[in-house]
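S.K.: coords below, sequence missing:
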């Protein structure tokens, strides 16, 4: 199947849109009903379903940290990686904007009070964890996630048809543990979208959710290389 770069970028845009709209939407629109566990599953199920919807087109990165890790490990070209990242960020921004429009339909919704499912540390952390705790958590959680991504999609893994299940469930697992700390990013695009609308601390602390996932993604790729280079 010959897939153009534009088709891949459309797939990455759509996949990231779904991840942010459904994942952050579960927090903003349904959080009071489903709690942290429901939010965790919303993020995990978004990725799981997108793997099977667009994985055959673009590989379903929908995350700059994954794309950068794939680039460093020789699984994607620099040209494609740059285009993917632009598409992912654009998808996250559009999803955040539409989520904001939907949320405003509730009379007592307030962007300042209710937010858009943005990530945060210190005062912006759900349980008020420090900046250092948040940064460490993002690095560790992203590293774990990327080991699963690389391992489940490896040519040496003969259960590749179940990669989406492993990746989706691992993201769910990560959210179950990490939501109280930062709301869980492990994905710079997912953090950029809401932060641009919310501003304030979400924007000033955005670097944590850019640097942490990128470092974690590189670390996860390095751990994977130690035992399964495909």
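M.R.: Received, thanks. A quick note: this is a predicted structure, and the numbers were derived from the prediction, not measured. Numbers count the residues shown, from 1 in each chain.

S.K.: The residue lying closest to residue 168 once chain neighbours are set aside: neighbouring residues, count only.
M.R.: Counting by Cβ to Cβ, 6 or more residues apart in numbering, residue 168 lies nearest to residue 48, which is 2.7 Å off, once chain neighbours are set aside. The C-beta positions use only the backbone N, C-alpha and C, and glycine is treated the same way. Residue crowding around residue 48 was assessed by other Cβ atoms under 10 Å; the count is 22.

S.K.: Could you work out the end-to-end span of stretch 104-120 for me?
M.R.: Stretch 104-120 has an end-to-end distance of 22 Å (Cα to Cα, to the nearest Å).

S.K.: Counting neighbours, which bits of that stretch end up buried?
M.R.: By neighbour count on 16 or more other Cβ atoms under 10 Å, the buried set for stretch 104-120 is 114, 115, 116, 117, 118, 119, 120.

S.K.: re earlier: pull the contacting residues for the residue nearest to residue 168.
M.R.: Contact analysis of residue 48 by Cβ atoms under 8 Å, 6 or more residues apart in numbering lists 164, 165, 167, 168, 169.

S.K.: which element is residue 147 on?
M.R.: Following DSSP states H and E, one finds residue 147 within helix 131-153.

S.K.: The helix or strand where residue 163 lies to helix 131-153, inter-axis angle?
M.R.: Under the criterion of DSSP H and E, residue 163 resides in helix 163-182. Helix 163-182 runs at 180 degrees relative to helix 131-153, counting by axes from the mean of the first three to the mean of the last three Cα atoms, to 10 degrees.

S.K.: Give me the three-state assignment for residue 76.
M.R.: What DSSP: H, G, I helix; E, B strand; the rest coil gives for residue 76 is coil.

S.K.: so what's the nearest residue to it once chain neighbours are set aside up against?
M.R.: The shortest distance from residue 76 to any non-neighbouring residue, by Cβ to Cβ, 6+ apart, is to residue 70 (4.6 Å). By Cβ under 8 Å, 6+ apart, residue 70 lies in contact with 59, 61, 76, 81, 221.

S.K.: quick one, longest helix in this protein?
M.R.: What stands out as the longest helix in the chain, according to DSSP state H, is helix 31-58.

S.K.: Tell me the gap between it and the middle of its chain.
M.R.: 10 Å (Cα atoms, centre = their mean, to the nearest Å).

S.K.: What residues sit buried inside it?
M.R.: Buried, per 16+ other Cβ under 10 Å, within helix 31-58: 31, 36, 39-51, 54-55, 57-58.

S.K.: Same question for stretch 59-67.
M.R.: 59, 60, 61, 62, 63, 64, 65, 66, 67.

S.K.: Leaving out the residues flanking it, which one is nearest to the residue positioned nearest the centre of the chain?
M.R.: Closest to where the C-alpha atoms of the chain average out (Cα atoms, centre = their mean) is residue 187, at 3.6 Å. Nearest non-adjacent residue to residue 187, counting by Cβ to Cβ, 6+ apart: residue 63, 4.2 Å away.
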